[in-house]
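**Student:** need a 3D model of the following:
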Amino acid sequence: MPPLPSSTASAVQIQQFYDKGLAHASYAVRCGHQIAIIDPGRDPQPYYDFADEHEARIIAIIETHPHADFVSSHLEIAEETEAPIYCSKLVGAKYPHRNFDDGDRIKLGTYELHAINTPGHSPDSISILLMDDLAQSRAVFTGDTLFVGDVGRPDLREDEAVGGHKREELAAQMYQSTRNKLMTLPGSTKVYPAHGPGSLCGKTTSPDLDSTIAKELKTNYALQPMSQDEFIKVLLEDQPFVPKYFGHDVKLNKLGAPSFEDSIRAVPHPGSTAALEPGVLIIDTRPAARFRAGHLPGALNLQDGGKFETWLGSVVGPAEKFYLLADSQIALDTVVRKTAKIGYEGNIKGALLAPTALPATSSTVDVEAVRLHPEAFTIVDIRNRAETKVPVFENALLIPLPELRERAHEIPADKPILIHCAGGYRSAAGASIVQAALPGAQVLDLGEAVTAFQKQAVH
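**Tutor:** A predicted model of the protein is given here:
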């Protein structure tokens with residue numbers, strides 16, 4: 001997680017750490033020799049390095065809410081530094097903490113951090129207002145309440161295991177939180193959210209990683225004048241899918257996760273010649289071309305890439321065990337660490353290098369045949385529903401990738417099955433899933449060739 005350049009203002013420094021794979025932003029706020037950490041990621045080392053670099057001490061760790069999309073290191077940092085953890089009393093946190101709600105504040109050098117209850121994304125969400133020594137608001141850390149160009153989605157707490165809160169009720173709370181709490185702040189107040197573009201905690205997040213209240217009032221669709229009923233309708237439209245791991249991470253973050261490095265060291269590493277337990281899922285993280293040339297029967301091809309963590313947690317459930325395969329030790333270490341960021345490291349039955357004997361191969365698609373006779377194929381579109389307003393092929397069967405393992409039996413196997421997505425990454429995974437589910441079928445991955453068909457569909 002390389003940190004972005006810091007911003008400094010008189011006696012305070014705000015350092016943003018951005019994990020692009022999870023579109024997650026965390027923060028160190030330094031005033032003199034004291035630091036507060038806000039919404040830390042699973043690996044605590046970047047925050048320790050920042051503190052060492054500035055000869056400063058971490059005195060507070062603040063959680064804006066129990067995160068659904070990544071595992072936080074708040075408990076590990078607290079145990080290492082003896083700094084208290086602050087969160088809303090509404091969290092029901094199972095780790096030692098101090099309540100941090102409306103009216104509560106933390107002294108940070110000559111500055112203060114003020115708690116603001118801003119429910120909506122979750123019922124226990126808070127934002128943190130940074131006040132300078134003249135009692136002027138300098139910045140607000142909005143967690144998953146306010147993003148640049150968006151607000152947090154309100155539909156992640158409906159399952160009874162994570163609270164059973166209805167999306168309409170949380171959307172109404174988001175309306176009140178934005179109108180009564182955040183939109184009333186001075187326009188010059190800098191906005192630092194917990195997520196950027198690509199996060200599944202919102203739907204239209206801007207590529208910018210920070211903003212101001214004034215800019216958001218002008219450009220953010222969710223902050224424009226509208227009634228509460230209109231807001232609820234607009235907010236609930238076209239929300240992205242919910243990955244399988246989200247509820248698992250909410251519960252884990254309420255408990256506090258174990259040490260990152262200790263958890264990684266506990267992952268079994270059998271040799272590449274070891275016999276794998278039958279019936280256990282195999283996640284092959286090698287590039288699609290290598291997978292097609294040879295793989296273990298039934299393996300799923302989730303290539304290591306920019307969104308590996310998200311797709312792993314979307315395809316594989318939090319109770320499933322699996323093997324992780326890669327083609328080098330460096331690549332294997334990388335995917336193990338990414339797996340731990342979503343709290344799945346305990347699910348790894350074994351992390352190993354791909355064996356030399358890879359008996360299964362995948363058919364190669366004849367793109368020209370698809371172009372001339374698309375009707376000769378059963379075409380499966382595995383894009384998300386919000387992406388399919390412009391179909392690539394007429395009469396394609398829509399089964400989004402996160403649903404494919406459960407619904408592959410719906411696919412007719414009387415013709416060759418052609419899998420496509422929007423750019424090629426997901427279709428490699430999808431083709432392997434369908435092949436594992438329908439072993440007698442001919443399954444083809446359209447891959448990156450889909451882009452030419454998309455252009456035709458637009459024109």
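
**Student:** stretch 428-437: how far from the chain's middle?
**Tutor:** Relative to its parent chain, stretch 428-437 has a centroid offset of 23 Å by CA atoms, centre = their mean, to the nearest Å.

**Student:** quick one: the helices in the stretch 201-350 of the chain, in order.
**Tutor:** With DSSP state H, counting those that start in this stretch, the ranges of helices along the stretch 201-350 of the chain come out as 213-219, 228-236, 246-255, 260-265, 288-293, 308-315, 329-341.

**Student:** Leu156: which of those helices is closest?
**Tutor:** Each of these has some distance to Leu156 by CB to CB; the shortest is helix 246-255, at 5.9 Å. No exception for glycine: its C-beta is placed from N, CA and C like everyone else's.

**Student:** okay, buried residues for that closest one please.
**Tutor:** Residues of helix 246-255 classed as buried: 246-250, 252-254 (neighbour count, 16 or more other CB atoms under 10 Å).

**Student:** return the member of the residues you listed nearest to Ser122.
**Tutor:** Val250 (8.1 Å).

**Student:** if I look at that closest one, how far off is Ala222?
**Tutor:** 23 Å (CB to CB, to the nearest Å).

**Student:** against Lys307, how distant is Ile282?
**Tutor:** Counting by CB to CB, the gap from Ile282 to Lys307 is 20 Å.

**Student:** quick one: Pro402 is in a strand?
**Tutor:** No - using DSSP: H, G, I helix; E, B strand; the rest coil, the secondary structure at Pro402 is helix, not a strand.

**Student:** count the neighbours of the nearest residue to it once chain neighbours are set aside for me.
**Tutor:** Leaving out its chain neighbours, the residue that sits closest to Pro402 by CB to CB, 6 or more residues apart in numbering is Ser314, at 4.2 Å. Applying other CB atoms under 10 Å, we find 25 residues neighbouring Ser314.

**Student:** same question for the one 10 residues further on.
**Tutor:** For Leu324, the count of nearby residues is 27 (other CB under 10 Å).

**Student:** and the one 10 residues further on, by the same measure?
**Tutor:** Burial of Thr334, expressed as a neighbour count using other CB under 10 Å, amounts to 15.

**Student:** one more: Ala161?
**Tutor:** Ala161 has 10 neighbours, counted by other CB under 10 Å.

**Student:** just the pLDDT at it, thanks.
**Tutor:** pLDDT for Ala161: 86.

**Student:** nearest spatial neighbour of it, skipping sequence neighbours?
**Tutor:** Nearest to Ala161 is Gly247, by CB to CB, 6+ apart, at 5.5 Å.

**Student:** once you drop chain neighbours, what's closest to Leu444?
**Tutor:** Excluding the flanking residues, the one nearest Leu444 by CB to CB, 6+ apart is Val365, at 4.2 Å.

**Student:** contacting residues around the one you found?
**Tutor:** 418, 444-447, 449 (CB atoms under 8 Å, 6 or more residues apart in numbering).

**Student:** out of these, which end up buried?
**Tutor:** By 16+ other CB under 10 Å, these give 418, 444-447 as buried.

**Student:** was I right to think Asp43 contacts Phe260?
**Tutor:** Yes - in this structure Asp43 lies within contact range of Phe260 using CB atoms under 8 Å: 5.2 Å.

**Student:** Ala93 against Cys87, yeah?
**Tutor:** Yes - with contacts counted by CB under 8 Å, Ala93 reaches Cys87, the gap being 5.5 Å.

**Student:** which neighbours do those two share?
**Tutor:** With CB under 8 Å, 6+ apart, Ala93 and Cys87 have common neighbours Glu63.

**Student:** of these two, who's got more company?
**Tutor:** Cys87 (26 against 22).

**Student:** any idea how far the closest residue to that one other than its chain neighbours lies from Pro439?
**Tutor:** Computed as CB to CB, 6+ apart, the closest residue to Cys87 that is not its neighbour in sequence is Glu63, at 4.3 Å. Using CB to CB, one obtains 45 Å as the distance from Glu63 to Pro439.

**Student:** pick out whichever of those two has more residues nearby.
**Tutor:** Using other CB under 10 Å as the criterion, Glu63 and Pro439 rank with Glu63 on top: 28 against 12.

**Student:** can you name the residues that contact that one?
**Tutor:** Glu63 touches 39, 72, 74, 85-87, 91, 93, 253, counting by CB under 8 Å, 6+ apart.

**Student:** again, only using 7 Å
**Tutor:** 39, 72, 74, 85, 87 (CB atoms under 7 Å, 6 or more residues apart in numbering).

**Student:** quick check: phi and psi on it?
**Tutor:** Torsion angles at Glu63 (phi, psi; degrees, to the nearest 10) stand at phi -110, psi 120.

**Student:** what pLDDT does it get?
**Tutor:** pLDDT, Glu63: 98.

**Student:** if we can go back for a sec, so which of the buried residues of helix 246-255 is the closest to Ala288?
**Tutor:** The closest of the buried residues of helix 246-255 to Ala288 turns out to be Phe246 (CB to CB; 26.6 Å).

**Student:** what about the closest one, distance to Pro402?
**Tutor:** Counting by CB to CB, the gap from Phe246 to Pro402 is 11 Å.

**Student:** what mean pLDDT does stretch 309-326 get?
**Tutor:** 97.

**Student:** just stretch 32-40 next, same as before
**Tutor:** 98.

**Student:** look at Asp333 and say how many residues are nearby.
**Tutor:** Using other CB under 10 Å, Asp333 has 15 neighbouring residues.

**Student:** tell me the pLDDT of Leu418.
**Tutor:** For Leu418, pLDDT reads 97.

**Student:** now do the contacts for it.
**Tutor:** By CB under 7 Å, 6+ apart, the contact list for Leu418 reads 365, 370, 377-380, 444, 446.
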